[in-house]
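Participant: Kindly return the folded structure for what I paste below:
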Amino acid sequence: MPIEVTIRHLNAAPGIKEYAELRATKLLEQFPRVESVHVIVDVQRHLYEAEFVVQQKGLTAVGAKEHASSARAVIDTAAARAEKQLRKTISKRVTAHIRNTDKK
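Facilitator: Purely as a prediction, here's the structure:
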């Protein structure tokens, strides 16, 4: 299950990439249907931006983007948001209406 971490416009501290990989690994452990996770960390002036793009089986892609002044904080909030969206898709899948085709 591949995890990609891209850091743009930043000479990142060595811990940022490892921290993003750790958060992506936690998503992979919690959700077995996840095929890949791509984490993009960007900085514009003083504001950090992190985006999690999660690909699931069944062609469901989840994207979560956040902004903050700290790199670790933005990675945490984006990962939490992606996790929330994944839980929402699971609950929709479980509660989806199944058509009964039995005719009497």
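
Participant: C-terminal to the lowest-mean-pLDDT helix or strand in the chain, what's the next element?
Facilitator: Within the chain, confidence by mean pLDDT, DSSP states H and E is lowest for strand 60-68 among all helices and strands, at a mean of 81. Using DSSP states H and E, the helix or strand that follows strand 60-68 in sequence is helix 71-94.

Participant: contact partners of that next one?
Facilitator: Residues outside helix 71-94 that contact it (C-beta atoms under 8 Å, 6 or more residues apart in numbering) are 12-13, 16, 19-20, 23-24, 26-27, 30-31, 34, 39, 41, 43, 48-52, 54, 56, 60, 62-68. (C-beta placed from N, C-alpha, C; glycine too.)

Participant: Show me which positions of it end up buried.
Facilitator: Of all the residues in helix 71-94, those buried under the rule 16 or more other C-beta atoms under 10 Å are 71-72, 74-79, 81-83, 85-86, 89.

Participant: Select from the contacts of helix 71-94 every entry located in strands.
Facilitator: Restricting the contacts of helix 71-94 to those inside strands, with DSSP state E as the criterion, leaves 34, 39, 41, 43, 48-52, 54, 56, 60, 62-68.

Participant: Sketch out the low-pLDDT regions of the chain for me.
Facilitator: Low-confidence segments of the chain, defined by pLDDT under 70, are located at 1, 12, 59, 93-104.

Participant: if you set the cut-off to 80 instead, what comes out?
Facilitator: Regions of the chain meeting the criterion pLDDT under 80 cover residues 1, 10-14, 58-61, 90-104.

Participant: re the thing from before, if any of the contacts of helix 71-94 are buried, put those into a ChimeraX selection.
Facilitator: Paste this into ChimeraX to select the buried members of those, with burial taken from 16+ other C-beta under 10 Å:
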select :16,19,20,23,24,27,31,34,39,41,43,48,49,50,51,52,54,56,62,64,65,66,68
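
Participant: List the contacts of Arg33.
Facilitator: Here Arg33 is in contact with Gln56, Lys57, Gly58 (criterion: C-beta under 8 Å, 6+ apart).
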